[in-house]
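In: next come a sequence and a model predicted from it.
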Amino acid sequence: MIVNPDIGKLAIIAAIFGVLLVGGLFINQQQAPAPEPAQVVDQTPAVQAAPQLSLEMLGPVYSEKAVYQDDLIRMSFKTPLTDNGIESDLPFWLHNASGEVITVLWDRCSLQLPSGNTVNIVNRGPDGAIADSLADRLISIAPGGDLFDTIVPVSEITQVDGGLALTTDVLSQGPFQFVLALQVGGDCSPQQIKYYTFQFIIR
C-alpha cells in the first residue's frame, strides 16, 4: 500500500501540536494561583465592659478626682469600691497645710445619705475593723501632719456572724454629703471651729 507523504507530514504536525497543547495546559495549571482560604467572620456579639464607677466632688468645689485644697487643709477622698459593690464608707486623707495644730471634732461630723437622712459616723481602725463607736471623739494633727482614716455612717453597719459589716450600693444611689468639723488655733491664736461641707456623687 502506498502512503501519501503529505498525509504523513500532516500526522506529524498534528502530533506536535497535540503535545504542545497538552504541555501548555499543564503549565497553566502549575502557574495558576492557589485559591485563598475563605475568611471566617466572627458572629459573636462584642461584650461591653461595665463602666468603672468613681467618686466626684460636687462641692465646695468641683473635682473629678475628689480633691480639695485651701490655706488650712488638703483633702483627698477615695471611691469605696469593693468586689461586692460600693461599700458604705468614705476613705480619706487629710493634710494640715496650716502652721497651727488642727483638731478633728468627730462628734460634730456627720454624713447625709442619698436618701436625705443625716446620721452620725464612726471610723475604721488601722486594721480595717469597723469601730462600733468613736473611742476618741477628737484627734489633733500637727502642722504638716497627715491623717488617713475612713468614716462610716452608723446606719449602714450590720451585724453578721463574723462581727460587723457594711451595706453596699447605698452611697451610689445619688448625691451625699459629709460635714467635717475642725478646731483651729492654739496657744498663740484664738480657737475657732470651721465646718466644711463636702458634697459627692458616685457615677
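Out: Ah, there it is. What you see is a predicted model; the values in this text were computed from it and never measured.
In: low pLDDT regions in the chain?
Out: Applying pLDDT under 70 to the chain flags residues 1-51, 125-126, 132-136, 187.
In: kindly recompute the last result at 90.
Out: Flagging of the chain using pLDDT under 90 yields the residue ranges 1-52, 84, 123-138, 159-165, 185-191.
In: just give me the longest strand of it.
Out: strand 189-202 (DSSP state E).
In: what pairs with it, parallel or antiparallel?
Out: Strand pairing for strand 189-202, using DSSP bridges, gives strand 55-59 (antiparallel), strand 176-186 (antiparallel).
In: buried ones in the shortest one?
Out: Right, strand 55-59. When burial is assessed from 16 or more other Cβ atoms under 10 Å, strand 55-59 yields the following buried residues: Leu55, Glu56, Met57. Using the backbone N, CA and C atoms, a C-beta is placed for each residue, glycine as well.
In: and Leu53, what is it in contact with?
Out: Counting by Cβ atoms under 8 Å, 6 or more residues apart in numbering, Leu53 makes contact with Thr79, Leu81, Ile86, Ser172, Ile202, Arg203.
In: in which helix or strand does it reside?
Out: Using DSSP states H and E, Leu53 maps to neither a helix nor a strand.
In: would you reformat the buried residues of strand 55-59 as TSV and include distance to Val122?
Out: Shown next, in TSV, are the buried residues of strand 55-59 (distance: Cβ to Cβ, whole Å):
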residue	distance to Val122
Leu55	20
Glu56	25
Met57	22
